[in-house]
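> need the 3D shape of this:
(one chain, ligands or ions: 1)
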Amino acid sequence: MAETPQGQGHETLSNLLQESRRFPPPADLAAHANATAGTYEAADTDRLGFWEEQARRLTWDRPWDTVLEWNPPFAKWFTGGTLNAAVNCLDRHVEAGRGDRVAYYWEGEPGDTRTITYAQLTDEVCKASNALIELGVAKGDRVAIYMPMIPETVVAMLACARIGAVHMVVFGGFSADALGTRLDDSEAKVVITADGGYRRGKASSLKPAVDEAVADRPAIEHVLVVRRTGQAVDWTDGRDVWWHDTVGRQSTEHAAEAHDAEHPLYIMYTSGTTAKPKGILHTTGGYLTQVAFTHWAVFDLKPETDIFWTAADIGWVTGHSYIVYGPLCNGATSVMYEGTPDTPHKGRFWEIVEKYRVSIAYMAPTAIRTFMKWGEDIPAGFDMSSLRVLGSVGEPINPEAYTWYRKNIGGDRTPVVDTWWQTETGAIMVSPLPGVTAGKPGAAMRPIPGIVADVVDEEAKSVPDGGGGFIVVREPWPSMLRGIWGDPQRYQDTYWSRFEGLYFPGDGAKRDEDGDIWLLGRVDDVMLVSGHNISTTEVESALVSHPKVAEAAVVGASDPVTGQGIVAFVILRGEAGDGGDGLVKELRDHVSASLGPIAKPRQIMVVPELPKTRSGKIMRRLLRDVAENRRLGDVTTLTDSAVMDVIAAKLPEAK
Ligand code: 6R9
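Below is the predicted model of the structure:
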């Protein structure tokens with residue numbers, strides 16, 4: 001764990017960024033909202049009883065004996081209960097007569113489309129389950145999934161879940177090395193992949209990376225390959241098998257076994273900043289309970305009428321919980337899109353919203369800031385009147401990006417729910433509820449019903465309104481990680497040792513004068529300038545609030561005088577051209593006026609792109625390397641490593 005940056009006695013800037021705009025829920029949404037003030041009351045009155053109530057959203061083969069067994073920091077939820085995740089996502093909807101409902105409207109990047117009903121998806125998952133069994137996969141085995149964003153990815157995940165195999169999805173943008181270390185750590189036995197997928201108008205291959213990763217890993221018995229692009233692939237007979245052969249010839253009958261509530265469902269690796277990736281383990285009953293509840297409550301999902309779209313990759317936890325498990329448990333109709341937002345044009349997302357009449361859309365602030373950069377004329381060209389709730393996830397959403405999103409995408413009508421959570425938490429933890437909360441741009445607001453989260457200081461004491469510190473979770477929650485795969489000690493050290501008895505996510509936070517929570521980014525990213533703690537998030541938000549700036553990344557670079565100096569990288573809005581003369585001074589003064597002179601950046605560089613992870617998080621550590629003229633660290637989890645060359649090339653201009 002990094003040193004906690006909140007030095008004692010130091011003044012913090014946590015409260016200097018003032019935000020007074022409020023957006024109350026629309027009256028008609030509030031009148032028919034799934035979750036109400038009563039939902040919070042029910043959870044406050046009897047928290048465990050409340051979660052038992054939520055677990056009844058699922059279909060159990062055997063009910064649980066005990067709601068929670070808590071041997072800190074190890075939790076078991078709904079023990080004694082048994083269920084099958086795939087049956088909960090599929091069969092039970094078909095059995096209830098909803099087999100013809102669309103599960104996914106899938107849109108390929110080149111414009112090919114598929115509409116898949118619950119009945120069809122059930123058949124495909126049964127076939128894939130039979131195929132995995134034929135390939136020797138048994139309950140408890142690990143199966144790696146390295147795929148583009150196509151329906152077979154969902155089929156593969158659910159087939160694993162159905163037979164009790166543990167899936168481990170690796171983002172298709174990761175390198176052969178990154179895949180290889182994850183195969184080793186999880187001891188996977190089969191890899192499911194595709195020849196390739198479409199990205200930025202081109203077929204982008206996947207199979208060669210698998211071939212490379214698997215070459216010296218004899219533990220991998222089979223590679224199951226979906227044909228998506230039709231590009232040529234190398235083939236190892238006996239090991240490699242085609243999906244259309246092996247799955248194609250199977251029966252659509254598969255009798256699902258009920259698994260224990262605590263049976264492992266999946267492992268998902270989080271890269272962290274420098275250390276070895278952690279295999280975050282999720283199990284079945286509690287995870288499904290919380291993803292189903294939050295998908296229903298936070299998005300106000302009405303399964304008969306809503307069209308739900310999480311514009312994220314399945315290789316990110318957001319895809320697992322809100323493209324696959326939450327929506328399918330709730331019988332929702334989702335949109336799934338394969339490609340990038342600017343292919344073949346910069347209005348592609350809004351064209352999809354218009355075409356499918358999307359009513360709930362969920363995406364990352366990084367995407368929203370990119371759309372700001374492209375300008376508001378682009379979304380203005382599409383009919384997006386179907387939208388009624390917008391969500392944000394992955395990073396703090398700058399107040400300016402929030403209001404831009406609400407106005408230009410949501411027609412000044414839709415609530416925006418800023419949802420804070422992590423791979424480790426499995427599901428949303430802190431968020432507004434769209435029919436209850438008066439939203440504040442930039443604030444995640446309150447823990448959802450049933451979650452006990454708090455903001456504490458260095459000594460683990462709850463901070464008063466107006467105070468800043470760290471977000472923690474005080475009580476176990478159903479979808480919490482059950483551990484780090486193969487490393488219980490690291491689980492304790494990473495999450496449970498900073499504060500006695502409290503879960504420590506590693507994010508800074510503040511509680512405003514109304515008691516609402518603001519997330520301030522990773523504590524490792526907080527800067528210490530002349531003895532003041534300054535959050536990168538707040539300086540970034542101050543920069544983004546300037547009309548010429550679309551996106552900003554701020555780092556603390558070591559400075560002989562001040563300890564750390566603030567270095568900012570900014571991307572300008574489309575309308576701003578090159579920003580004009582005196583831009584840097586203008587921005588420095590703007591930050592100084594918003595936050596105080598101490599927060600004034602030492603250096604500002606205008607760049608065309610920023611280095612990002614699969615989930616759009618800015619990799620500040622690489623920018624710190626640039627700012628301190630160091631050799632770049634590990635770039636294997638960057639979505640596009642060429643970005644760093646572009647930024648480094650801009651350096652001489654920096655002043
Ligand atoms: C779901 C996801 C987790 C980290 C988390 C925090 C940041 C996510 C956020 C947010 C502020 C939000 N984060 N949502 N920060 N506001 N609404 O992103 O999982 O990829 O594991 O990242 O993302 O720093 O600790 P994951």
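> tell me who's in contact with residue 586.
By C-beta atoms under 8 Å, 6 or more residues apart in numbering, the contact set of residue 586 is 546, 548. Quick note: C-beta positions are derived from backbone N, CA and C, even for glycine.
> report the backbone C-alpha coordinates of the helix or strand hosting residue 192 in PDB.
Using DSSP states H and E, the element containing residue 192 is strand 190-194. Provided in PDB are the C-alpha atoms of strand 190-194 (Å, rounded to 0.1, in the frame of the first residue of the first chain):
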ATOM      1  CA  VAL A 190      -9.100 -24.100 -21.800                       C
ATOM      2  CA  VAL A 191      -9.000 -20.700 -23.700                       C
ATOM      3  CA  ILE A 192     -12.000 -19.500 -25.600                       C
ATOM      4  CA  THR A 193     -11.100 -16.900 -28.300                       C
ATOM      5  CA  ALA A 194     -11.900 -15.700 -31.800                       C
END
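> tell me the contacts of residue 194?
Here residue 194 is in contact with 147-148, 150, 152, 206-207, 225-229 (C-beta under 8 Å, 6+ apart).
> report the separation between the closest residue in space to residue 205 that isn't next to it in sequence and residue 208.
The spatial neighbour of residue 205 that comes closest, neighbours along the chain excluded (C-beta to C-beta, 6 or more residues apart in numbering), is residue 196 at 4.2 Å. Distance of residue 196 to residue 208, computed by C-beta to C-beta, to the nearest Å: 9 Å.
> do the same with residue 403
Distance of residue 403 to residue 208, computed by C-beta to C-beta: 44 Å.
> these two: which has the busier surroundings?
Neighbour count, other C-beta atoms under 10 Å: between residue 403 and residue 208, residue 403 has more, with 20 against 14.
> so that one touches residue 21, yeah?
Yes: counting by C-beta atoms under 8 Å, residue 21 is a contact partner of residue 403 at 6.9 Å.
> which residues are common contacts for the two?
Common neighbours of residue 403 and residue 21 (C-beta under 8 Å, 6+ apart) are residue 441.
> one step back: please spell out the ChimeraX selection for the buried subset of the contacts of residue 194.
The ChimeraX command for the buried members of these (criterion: 16 or more other C-beta atoms under 10 Å) is given here:
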select :147,148,150,152,206,207,225,226,228,229
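> from the contacts of residue 194, which land in strands?
Among the contacts of residue 194, the residues falling in strands (DSSP state E) are 225-226.
> and the contacts of residue 194, which is closest to the ligand?
When the contacts of residue 194 are compared for distance to the ligand (C-beta to the nearest ligand atom), residue 147 wins out at 18.4 Å.
> mind checking how far that closest one is from residue 375?
Residue 147 is 33 Å from residue 375, where distance means C-beta to C-beta.
> flag every buried residue along the worst-scoring helix or strand of the chain on mean pLDDT.
Within the chain, no helix or strand scores below helix 642-650, which has a mean of 75 by mean pLDDT, DSSP states H and E. Going by neighbour count (16+ other C-beta under 10 Å), the buried part of helix 642-650 is 643-644, 647.
> just name the closest of the residues you listed to the ligand, please.
Distances from the ligand to those, taken by C-beta to the nearest ligand atom, are shortest for residue 643, at 19.0 Å.
> state the distance from the closest residue to the closest one other than its chain neighbours to the ligand.
Excluding its sequence neighbours, the residue lying closest to residue 643 (C-beta to C-beta, 6+ apart) is residue 609, at 4.6 Å. To the ligand, residue 609 is 20 Å away according to C-beta to the nearest ligand atom, to the nearest Å.
> sounds good, over and out.
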